[in-house]
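*Asks:* Fold the following and give me the result.
(chains A and B)
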Protein chains: 2
Amino acid sequence: MIEIPARRGVAARLAVGQSVKVINTFGQQVVDTWAFRAGDPREFMSMEHTRIFIGRIIPLVGDPLVTNHRRPILTLTEDNSGGIHDTLVAACDRWRYELLGAVGHHDNCTDNLAAALGALGLTPPETPSPLNLFMNIPVIDGNRIDVLPPVSTPGSYVTLRAEIDCIVAFSACPQDMVPINGAAMTPTAAHYEVLG
Amino acid sequence: MIEIPARRGVAARLAVGQSVKVINTFGQQVVDTWAFRAGDPREFMSMEHTRIFIGRIIPLVGDPLVTNHRRPILTLTEDNSGGIHDTLVAACDRWRYELLGAVGHHDNCTDNLAAALGALGLTPPETPSPLNLFMNIPVIDGNRIDVLPPVSTPGSYVTLRAEIDCIVAFSACPQDMVPINGAAMTPTAAHYEVLG
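*Replies:* Numbers count the residues shown, from 1 in each chain, chains lettered A, B, ... in the order given. Purely as a prediction, here's the structure:
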C-alpha cells in the first residue's frame, strides 16, 4: 500500500491488465483521479466523453472510463464505497480558493496533478476534468447540484483496471473550506495499491 | 445576421460589453459554443468550472459562464428557446462517428472548432467541453442521461454578453446518426448577430 499524502498528489504507471485499488483510508477523503495514455499523454481519461459513452453521470461497477479518443482506458471493477463519485466538477485550483477567501498559497488538486506527473518526468498537456472518487455532488431535480460530505467509510475502496498502458494520478484533495472532505473539513491521506 | 452553415463552424471576436444572439433559425439545430479569452486562448469557457460556480448543470438567464480561471467570460442574458441546453457532453469528433458506424470522413464539431479559430489565425489550445446550445440531454433520477431532440422552436434564440474581450466559436453540429438535431436527423444552418 502506497500513501497518497494528505493535500498531495502522486502518480503511478499501470500496464494493461493491471489494476489499482484506491482506498479511502479514513473514510471521508475525496481523491481526484486522472489517467493518461502511456507514450502520448495528450490522450487521457475524459469525463465529458465518458458520460455519453456510459449514459450516466456516475460510473457503476463494470463501466469503462474512456479517453478523449473515446477508447476505454480504465474500467471500474469494484466499489464498496457506496457508489457515490463525481464527474461534474473541475479539480480545485488557486482561483477556487481565492474565490472562497483564502489568502496566499493554498494547496490544490491542479497543482498536485502537475507535481505528480512532474515526478515521473511528464507534464500534463492540460488539466482534464477529474474522476473525483468518493466526492458527493448530487444532481437535484435534474439540474441543481449540491456539495455534500462523502458517503464512504474508513477502508472502503474502488478498483480500476487498466485497459491500455497508462499513467494514473491521484490527489488527496486539500479542500478545507467547504465540507467536501467531510463535515470536519480536515483533509487526510488515502492509499493505493497496484494489483496484478 | 451571419450564417453558421449547416455542419460547419465559425468564430467571431467580441469586445467586453458586446453581446451575441444565437438564433436557432430552423428550430432543431444544436450549436456547440466555445469562448476563449482574447490575447490568451489558454483561458477559455469551462463547463466543469461553470457548473460548480452557478450550482447548476444548465445555466439560467442571469448566470455567468466562467473560464478555467473561474472568471466570468459570458453571461446568459436572454433565452426564449425553452431553456434546455447541455453542459455534460463532449463535442462530437471523428471517434464519435466511428463508434456510431460511420465509414470514412464525417464532419464533426471538434474539427469545426479548429477550422473556425484557424480562420482567425488561432489554434485552440485544447477542445474544451462546449456549451451545447439547444441540446437536450436530460438527467434522469440524478444519474442516467438521455439523448433527445431539442425543445427549441424556429427563430428562438439565446443572447450571451461578453464579460471580457473574447473570441466565440460556434459549430452547427453535423450529428445525423442520432436525433440530437431533431427527429429528422438533418443538420441545418443557424445564425448569429453581434449586438452593441
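*Asks:* Give me the helices and strands touching the longest helix that chain A contains, please.
*Replies:* Of all the elements of type helix in chain A, the one with the most residues (DSSP state H) is helix A:109-118. On a contact count with 3 or more CB pairs under 8 Å, 6 or more residues apart in numbering or on different chains; DSSP states H and E, helix A:109-118 meets strand A:9-14, strand A:31-37, strand A:166-172. Placement of C-beta: from N, CA and C, glycine included.
*Asks:* Any chance of these in JSON lines with mean pLDDT, mean neighbour count and distance to chain B as columns?
*Replies:* What follows is the helices and strands packed on helix A:109-118, written out as JSON lines (pLDDT from 0 to 100; neighbours: other CB atoms under 10 Å in any protein chain shown; distance: least, CB to the nearest CB, whole Å):
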{"stretch": "strand A:9-14", "mean pLDDT": "98", "mean neighbour count": "21", "distance to chain B": "18"}
{"stretch": "strand A:31-37", "mean pLDDT": "98", "mean neighbour count": "26", "distance to chain B": "12"}
{"stretch": "strand A:166-172", "mean pLDDT": "98", "mean neighbour count": "27", "distance to chain B": "15"}
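*Asks:* May I see these organised as CSV, with distance to residue A:193 added?
*Replies:* Converted to CSV, those look like this (distance: least, CB to CB, whole Å):
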stretch, distance to residue A:193
strand A:9-14, 10
strand A:31-37, 13
strand A:166-172, 12
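*Asks:* hmm, who's touching stretch A:91-103?
*Replies:* Stretch A:91-103 has contacts (CB atoms under 8 Å, 6 or more residues apart in numbering or on different chains) with A:32, A:90, A:105-106, A:108-111, A:113, A:127, A:129-130, A:171, A:173-175, A:177-178, B:68-71.
*Asks:* what comes up buried for it?
*Replies:* A:91, A:92, A:93, A:94, A:95, A:96, A:97 (16 or more other CB atoms under 10 Å in any protein chain shown).
*Asks:* Can you tell me which of these is nearest chain B?
*Replies:* residue A:95 (4.0 Å; CB to the nearest CB).
*Asks:* Dihedrals phi and psi, that closest one?
*Replies:* phi -70, psi -30 (degrees, to the nearest 10).
*Asks:* Can you tell me which of the contacts of stretch A:91-103 are buried?
*Replies:* So, by 16+ other CB under 10 Å, the buried ones in these are A:32, A:90, A:106, A:108-111, A:113, A:127, A:129-130, A:171, A:173-175, B:68-71.
*Asks:* Please identify which of the helices and strands packed on helix A:109-118 is closest to residue A:123.
*Replies:* Closest to residue A:123 of the helices and strands packed on helix A:109-118 is strand A:31-37 (CB to CB; 10.5 Å).
*Asks:* burial count for residue A:123?
*Replies:* By other CB atoms under 10 Å in any protein chain shown, the residues close to residue A:123 number 9.
*Asks:* That one contacts residue A:117, correct?
*Replies:* Yes. Between residue A:123 and residue A:117 a contact is recorded at 6.4 Å, counting by CB atoms under 8 Å.
*Asks:* quick one: is stretch A:66-85 near chain B?
*Replies:* Yes. For stretch A:66-85, a contact with chain B is found by CB under 8 Å from any CB of the partner chain, at A:68, A:69, A:70, A:71.
*Asks:* residue contacts, the last one?
*Replies:* Pointing back at residue A:71 there. Contacts of residue A:71 (CB under 8 Å, 6+ apart): A:43, A:163, A:164, B:95.
*Asks:* Would you mind putting the CA coordinates of stretch A:11-30 into PDB?
*Replies:* Only the C-alpha atoms of stretch A:11-30 are listed here, as PDB (Å, rounded to 0.1, in the frame of the first residue of the first chain):
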ATOM      1  CA  ALA A  11       1.200   9.200  -9.900                       C
ATOM      2  CA  ALA A  12       2.000   5.600 -11.000                       C
ATOM      3  CA  ARG A  13       2.400   3.600 -14.200                       C
ATOM      4  CA  LEU A  14      -0.100   0.800 -14.900                       C
ATOM      5  CA  ALA A  15       0.400  -1.800 -17.600                       C
ATOM      6  CA  VAL A  16      -2.700  -3.100 -19.500                       C
ATOM      7  CA  GLY A  17      -4.500  -5.600 -17.300                       C
ATOM      8  CA  GLN A  18      -3.100  -4.300 -14.000                       C
ATOM      9  CA  SER A  19      -5.500  -2.800 -11.500                       C
ATOM     10  CA  VAL A  20      -5.200  -0.100  -8.900                       C
ATOM     11  CA  LYS A  21      -7.200  -0.200  -5.700                       C
ATOM     12  CA  VAL A  22      -7.800   3.300  -4.200                       C
ATOM     13  CA  ILE A  23      -8.600   3.100  -0.500                       C
ATOM     14  CA  ASN A  24     -10.400   5.800   1.400                       C
ATOM     15  CA  THR A  25      -8.300   5.000   4.500                       C
ATOM     16  CA  PHE A  26     -10.000   7.400   6.900                       C
ATOM     17  CA  GLY A  27     -13.400   7.300   5.000                       C
ATOM     18  CA  GLN A  28     -14.100  11.000   4.200                       C
ATOM     19  CA  GLN A  29     -11.300  11.900   1.700                       C
ATOM     20  CA  VAL A  30     -12.000  12.800  -1.900                       C
END
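*Asks:* and that stretch, which residues are buried?
*Replies:* A:11-12, A:14, A:18-30.
*Asks:* Return the subset of these lying in helices.
*Replies:* Short answer: those have none in helices (DSSP H).
*Asks:* Can you name the two of these that sit furthest apart?
*Replies:* Farthest apart among the buried residues of stretch A:11-30 - using CB to CB - are A:18 and A:28, which lie 27.6 Å from each other.
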